[in-house]
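# structure for this input, please:
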Amino acid sequence: MEKMLFDDLVQSLKEAGDIAEGKVMASRRFESTPTDVKSVREQTGLSQREFARMMRVSIRTLQNWEEHRHNPTGPAAALLKIVLTAPDVVLKSLQT
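Down below sits the predicted model:
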């Protein structure tokens with residue numbers, strides 16, 4: 001069984017190399033559009049400090065998102081989508 005798993009792994013690595021070199025197309029491709037965090041924040045009418053506090057992140061993290069140096073992931077990305085679609089609910093629920 002180990003030989004079969006090893007052979008599968010070697011084949012996968014060869015395929016990955018061919019894809020990276022442009023010899024073949026990937027069978028699946030995922031693209032996501034990063035959220036415009038600054039726009040979302042501005043729609044809420046909150047300052048960076050207030051929005052960062054609401055999101056439970058540092059101001060520096062928020063600035064990195066707004067300046068597209070980093071993109072929010074995981075729960076932060078999900079919460080931003082909720083803020084975008086229902087800001088009044090989020091503001092009411094998360095205001096401290």
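
# so where is the chain shaky, pLDDT-wise?
Residues of the chain meeting the criterion pLDDT under 70: 1, 96.

# can you give me the helices for it?
Counting by DSSP state H, the chain has helices at residues 2-20, 37-44, 48-55, 59-66, 74-85, 87-94.

# tabulate these in CSV, adding columns for distance to residue 31 and mean neighbour count.
Where C-beta positions appear, they are placed from N, C-alpha and C, glycine not excepted. Output for those, formatted as CSV (distance: least, Cβ to Cβ, whole Å; neighbours: other Cβ atoms under 10 Å):
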stretch, distance to residue 31, mean neighbour count
helix 2-20, 15, 10
helix 37-44, 19, 17
helix 48-55, 25, 17
helix 59-66, 19, 17
helix 74-85, 15, 14
helix 87-94, 26, 13
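
# just send those helices back as JSON lines, with distance to residue 30 too.
What follows is those, written out as JSON lines (distance: least, Cβ to Cβ, whole Å):
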{"stretch": "helix 2-20", "distance to residue 30": "14"}
{"stretch": "helix 37-44", "distance to residue 30": "21"}
{"stretch": "helix 48-55", "distance to residue 30": "25"}
{"stretch": "helix 59-66", "distance to residue 30": "20"}
{"stretch": "helix 74-85", "distance to residue 30": "14"}
{"stretch": "helix 87-94", "distance to residue 30": "27"}
